[in-house]
Every structure is written in C-alpha cells, then in structure tokens.
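[1] sequence and predicted structure are below.
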Amino acid sequence: MKSVHDEIVINAPPERVWQILTDFAAFPRWNPFIREARGRLRPGARLLVRLKIVGPRPSSFRPTVRVVDPPHELRWLARTGRPGVFDVERSFRIVAEGDGGSRLIQHESCTGVLAPLLFAAGIGRPILRGYRAMNAVLKARAEGSVP
C-alpha cells in the first residue's frame with residue numbers, strides 16, 4: 001500500500017468546512033486540485049471527478065462514494081480497471097478543534113499491482129502538491145479571507 005496524507009488547521013467550525021468541501025458546483029471557481037466534481041453524496045453513488053495532477057489536462061475518474069458523515073467525513077473509492085489493478089480510497093476528515101476551529105485531513109490509500117510502479121514514477125509528489133494547494137484555498141475561503 002502507498003499513501004498520500006496532508007492536513008491543515010482551519011479557524012472555522014466543521015460545518016463551514018463541510019459546506020465548502022461538498023459544494024461541488026463551486027469547485028471550478030476556487031479548487032486548484034479537484035477542478036470538477038459531480039454526483040450525489042450518498043453511499044453507493046458514482047461521482048465524476050477531474051483532478052489537476054500533471055500536465056494541462058485534468059485526469060478523470062468515477063469513484064464510488066463509501067462514507068458521507070456530515071460534517072465529519074467524506075470517503076470514496078476509485079478503481080482503474082478491475083479490483084486489484086489500482087485502487088484508491090480517498091478520505092476527507094474534518095475534526096473539531098477545541099477552539100471552535102477544525103482540522104481538515106486528506107488521506108489517500110493506493111493499493112493494487114500498479115500502486116508501487118506509479119509511486120516509484122513519482123505520482124505521489126504532484127498529488128501532495130494538489131492536496132496542499134486545495135487545503136490552503138479552502139482554509140482561506142472558510143476563514144473568510146477569500147470569497
């Protein structure tokens with residue numbers, strides 16, 4: 001298993017962070033990493049997600065929603081090909097901080113026969129950059145410094 005992980009403390013309540021994180025229609029206006037997301041947020045639903053990882057064109061995939069627990073967790077599973085080829089479980093967890101703020105935790109676990117090869121080729125670095133860019137802008141939006 002290979003993974004990517006990043007987290008950020010946000011001076012806003014979990015409900016505000018959740019609202020921004022799940023407002024898929026607004027992603028093209030502000031999200032530098034997840035350029036588009038469409039679909040219903042309910043377990044078993046399929047989403048359309050376009051990520052800006054490398055190059056000028058976003059990468060598209062159709063994950064299945066696994067967990068929707070407002071305002072605490074959103075998790076999905078994406079597969080390339082059949083199960084066991086390249087499976088990516090991605091989670092967004094929002095943890096309340098004692099001061100009324102939140103901690104947003106993004107985590108991606110990658111398994112399957114292609115995971116070691118893709119990580120050896122360096123795919124983890126641009127994904128982590130994407131996490132960090134998204135987290136920074138989401139923080140600014142939640143804290144009110146960016147509309």
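    Yep, that arrived.
[2] what bridges to K2?
    C110 (DSSP bridges).
[3] next up, the contacts around it.
    109-111, 115-116, 118-119, 124 (Cβ atoms under 8 Å, 6 or more residues apart in numbering). All C-beta spots, glycine's among them, are computed from the backbone N, C-alpha and C.
[4] mind giving me the PyMOL select for those residues, buried ones only?
    Paste this into PyMOL to select the buried members of the contacts of K2, with burial taken from 16 or more other Cβ atoms under 10 Å:
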select buried, resi 109+110+111+115+118+119+124
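[5] and the strands in this structure?
    For the chain, the strands defined by DSSP state E cover 2-10, 34-38, 48-51, 59-61, 64-69, 73-80, 86-96, 102-111.
[6] comparing these by mean pLDDT, which bottoms out?
    Note on the strands of the chain: strand 59-61 shows the lowest mean pLDDT, a mean of 90.
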